[in-house]
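>>> The following comprises the amino acid sequence and a computationally predicted model.
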Amino acid sequence: MTEVKGDVEALLARVEELEEAKEEVERAIDAIENAISVLPHDIYSPHRGSDEWECVLSEIESELEAIGAAIGGLV
């Protein structure tokens, strides 16, 4: 039982870490989109940096879901 408790505590710590990273990534995406919105049209780049950050955000959310499933399987 102690091993399960340690596993759950480790997963909860990882969730906290991922939630913090998710918030920072969301702020970065907003900042990129805000910066792009104020650029003159002749400076706009076809490459959108926020797209790459959307991928990072997706990875974080996938891991959070996997952790939620793992915790559900333990209890």
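Good, I have the coordinates.
>>> use CA for all of it now, contacts and neighbours both
Will do.
>>> And the helix or strand hosting Val25, what does it pack against?
Assigned by DSSP states H and E, Val25 belongs to helix 2-38. Under the contact definition 3 or more C-alpha pairs under 8 Å, 6 or more residues apart in numbering; DSSP states H and E, helix 2-38 sits against helix 49-74.
>>> got the angle for the helix it packs on vs helix 2-38?
Orientation check (axes from the mean of the first three to the mean of the last three C-alpha atoms, to 10 degrees): helix 49-74 against helix 2-38 gives 160 degrees.
>>> Could you list every helix and strand that helix 49-74 packs against?
helix 2-38.
>>> Next, the buried residues of the helix holding Val25.
Buried residues in helix 2-38, counted by 16 or more other C-alpha atoms under 10 Å: 8, 11-12, 15, 18, 22, 25-26, 28-29, 32, 36.
>>> State the pair within those residues that is farthest apart.
Taking every pair in the buried residues of helix 2-38 and measuring C-alpha to C-alpha, the maximum separation is 41.5 Å, between Val8 and Ile36.
>>> In three-state terms, label His41 for me.
coil (DSSP: H, G, I helix; E, B strand; the rest coil).
>>> what about it, how many neighbours?
By other C-alpha atoms under 10 Å, 9 other residues sit near His41.
>>> Ok, Ala69 next?
Ala69 has 11 nearby residues by other C-alpha under 10 Å.
>>> Per-residue pLDDT of it, please?
pLDDT recorded at Ala69 is 86.
>>> For Ile36, see how far away it is.
37 Å (C-alpha to C-alpha, to the nearest Å).
>>> will you turn the buried residues of helix 2-38 into TSV that also has distance to Val56 and pLDDT?
Formatted as TSV, the buried residues of helix 2-38 follow (distance: C-alpha to C-alpha, whole Å; pLDDT from 0 to 100):
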residue	distance to Val56	pLDDT
Val8	24	84
Leu11	20	88
Leu12	20	89
Val15	15	93
Leu18	11	94
Lys22	9	94
Val25	8	93
Glu26	10	93
Ala28	11	90
Ile29	10	88
Ile32	14	83
Ile36	19	78
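>>> buried residues in the worst-scoring helix or strand of the chain on mean pLDDT?
None of the helices or strands of the chain scores lower by mean pLDDT, DSSP states H and E than helix 49-74, at a mean of 83. By neighbour count on 16+ other C-alpha under 10 Å, the buried set for helix 49-74 is 50, 53, 56-57, 60, 64, 67, 71.
>>> Thanks a lot, see you next time.
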